[in-house]
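*Asks:* Dropping the sequence and predicted coords here.
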Amino acid sequence: MNEIQHLIDGVASPSTSGNDGPIFDPATGQQTGTVALASVAEVDAAVASARSAFDGWSEVSLARRTKLMYEFRNLLVANADGVAARLSAEHGKVLDDARGEVARGIENVEFACGIADALKGLHSEGASTGVDVYTVRRPLGVVAGITPFNFPAMVPMWMFPNAIACGNTFVLKPSERDPSAPLFIAELFQEAGFPPGVLNVVNGDKVAVDRLVEHPDVKAVSFVGSTPIARYVYASATANGKRAQAMGGAKNHMIVLPDADLDMAADAAVSAAYGSAGERCMAISVVVAVGDAGDRLVEAIRVRMEKLVIGPGTDPASEMGPLITREARDRVAGYIQAGADAGCRVVVDGRDQAFDGDGFFLGVSLLDHVTTDMSVYTDEIFGPVLSVVRADSYAEGAQMIRDNPFGNGAAIFTRDGGAARQFQQDADAGMVGINVPIPVPVGYHSFGGWNDSAFGDHTIYGPEGLRFYTRPKVITSRWPDPSTSGVDLGFPRND
């Protein structure tokens, strides 16, 4: 049985805590390994390693940092299939989804490869007579990342490449449910030639999280997960004097206007709602069907759902895999029943689909005539359930988004340029798609929601990520007039 340990000071570090957790293959329901759960002392050892490495790493030239980051990027590309296989084995997502996750992570590493340009400062020559003023950005020190189960490869790469490229050292606490992929990525990072201690990995549960957010040598914490835990991490970290960025949950809406290309909208709804079994914070979980688009759209989605192939992530024919745990599957199934009890129409019931074996599979569900007071609308379900809410007008749909406490992403499908332009102003969300259901930004922009979907002043990765992992230093300098110091410049001064 596979045993996942920590990576501290550049080497595998067997745990001494005496605590571990199970790792399952969600497609079979069988335990395939264990993961060490760090003690406070083990977290302290990882932070101490990062603290010891910081002074030397922060003074390494931008040219050297860039070269090492390119080496890491090339190793990731060469080992992308290996990372994806580890993702599929422990998360359950199909290999195409897993490969896409790795590709989006590599995109962020490639942004970090441009650190020499991205960290260029500002310079004002002659701000006053003989006075120059310039601004540089300096690293913070040891920073930490706490990452979720649903994107165990991509989300860490949203964090540590940029942080380390800026001159910080990093302690990563990945999800204990699927830790193999992030650990393998960290091993590739060591293979690229980064000094020991620049990146450390500690596996763990709440004990590790609490120690990281309170440790005096950790200067900043990045988090991605559910809104209740994001709020907790942000409050705890800031109470301990740290910078914190905490990305939370979502209830993403997709408005479909009557003039939309309904085939395009239906395709988008199916892929965005059921991809990765709906276990992603940018999944579309609510379709707002405006006017007479409703019946036609629901039928188009239903027809496509019938063709969706659900099976093990390792099967090339599979388009959707299982949920992460048995408990997650049962919780999601409970929402389907709650929706039916509340009076919505269950067009497709995922509980009706039977699967062989003991895997954590659940079929896809479509609920129509959902209202905004139902739990299937108000709660983040985080599973393959799509709710359709009917609206009489665009304005009614836009108001639903404004009234929702979350604000991660929102999308509209329409052929009307005026409506699309109005929506990008009206949508109360940090990321907006126009005929794009999941508007996750490319690596050279930044990811982050609004309202209860994000806590902190900086969004994650891209330019905002660099600002989060650095602090500005402004230097004002004056040099004596050369003529008063006896230096002959060979030409008269021009005052």
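*Replies:* That came through fine. Numbering: from 1, shown residues only.
*Asks:* quick one: low-confidence parts of this structure?
*Replies:* 483-495 (pLDDT under 70).
*Asks:* Domain-wise, how is it divided?
*Replies:* Listed domain ranges for the chain are 2-248+453-476, 252-434 (source: automatic domain parsing).
*Asks:* Pull the number of nearby residues for the closest residue to Ala300 other than its chain neighbours.
*Replies:* Once flanking residues are discounted, Ala300 sits nearest to Ala266: 3.7 Å by C-beta to C-beta, 6 or more residues apart in numbering. Any C-beta I mention is one placed from the backbone N, CA and C, and that applies to glycine too. Per other C-beta atoms under 10 Å, the neighbour tally for Ala266 reads 24.
*Asks:* Show me what the helix or strand hosting Ala266 is packed against.
*Replies:* Ala266 is part of helix 262-274 when elements are defined by DSSP states H and E. Helices and strands touching helix 262-274, by 3 or more C-beta pairs under 8 Å, 6 or more residues apart in numbering; DSSP states H and E, are strand 252-256, strand 284-290, helix 293-306, strand 385-391, strand 409-413.
*Asks:* And that helix, how far out from the chain middle?
*Replies:* 22 Å (C-alpha atoms, centre = their mean, to the nearest Å).
*Asks:* before we move on, what about stretch 27-34?
*Replies:* Taking C-alpha atoms, centre = their mean, one finds stretch 27-34 lying 25 Å from the centre of the chain it belongs to.
*Asks:* Stretch 19-34 now?
*Replies:* How far stretch 19-34 lies from its chain's middle: 23 Å, per C-alpha atoms, centre = their mean.
*Asks:* related to what we said a few turns ago, buried stuff in the helix holding Ala266?
*Replies:* Neighbour counts over helix 262-274 (16 or more other C-beta atoms under 10 Å) mark Leu262, Ala265, Ala266, Ala268, Ala269, Val270, Ser271, Ala272, Ala273, Tyr274 as buried.
*Asks:* So which residues of the stretch 51-200 of the chain form strands?
*Replies:* 122-128, 131-139, 142-146, 169-173, 199-201 (DSSP state E, counting those that start in this stretch).
*Asks:* Using a markdown table, please lay out those strands together with distance to Ala12.
*Replies:* Formatted as a markdown table, the strands of the stretch 51-200 of the chain follow (distance: least, C-beta to C-beta, whole Å):
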| stretch | distance to Ala12 |
| --- | --- |
| strand 122-128 | 43 |
| strand 131-139 | 27 |
| strand 142-146 | 20 |
| strand 169-173 | 15 |
| strand 199-201 | 10 |
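*Asks:* how about the domains of the chain in TSV, adding distance to Pro482?
*Replies:* Formatted as TSV, the domains of the chain follow (distance: least, C-beta to C-beta, whole Å):
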stretch	distance to Pro482
domain 2-248+453-476	10
domain 252-434	52
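*Asks:* For Tyr444, find the nearest of those domains.
*Replies:* domain 2-248+453-476 (5.3 Å; C-beta to C-beta).
*Asks:* which residues touch the residue positioned nearest the centre of the chain?
*Replies:* Centroid-nearest residue in the chain: Val155, 4.2 Å away (criterion: C-alpha atoms, centre = their mean). By C-beta atoms under 8 Å, 6 or more residues apart in numbering, the contact set of Val155 is Thr147, Pro148, Val224.
*Asks:* nearest spatial neighbour of the last one, skipping sequence neighbours?
*Replies:* Using C-beta to C-beta, 6+ apart and skipping residues adjacent in sequence, the residue nearest Val224 is Met247, 4.5 Å away.
*Asks:* who's that neighbour bridged to?
*Replies:* Val224, Ala454 (DSSP bridges).
*Asks:* Reformat the helices and strands packed on helix 262-274 as JSON lines; add mean neighbour count and distance to Leu62.
*Replies:* Shown next, in JSON lines, are the helices and strands packed on helix 262-274 (neighbours: other C-beta atoms under 10 Å; distance: least, C-beta to C-beta, whole Å):
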{"stretch": "strand 252-256", "mean neighbour count": "28", "distance to Leu62": "38"}
{"stretch": "strand 284-290", "mean neighbour count": "27", "distance to Leu62": "40"}
{"stretch": "helix 293-306", "mean neighbour count": "18", "distance to Leu62": "49"}
{"stretch": "strand 385-391", "mean neighbour count": "24", "distance to Leu62": "47"}
{"stretch": "strand 409-413", "mean neighbour count": "30", "distance to Leu62": "34"}
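*Asks:* what would the ones you listed look like in a markdown table with distance to Thr314?
*Replies:* Formatted as a markdown table, those follow (distance: least, C-beta to C-beta, whole Å):
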| stretch | distance to Thr314 |
| --- | --- |
| strand 252-256 | 29 |
| strand 284-290 | 26 |
| helix 293-306 | 23 |
| strand 385-391 | 25 |
| strand 409-413 | 30 |
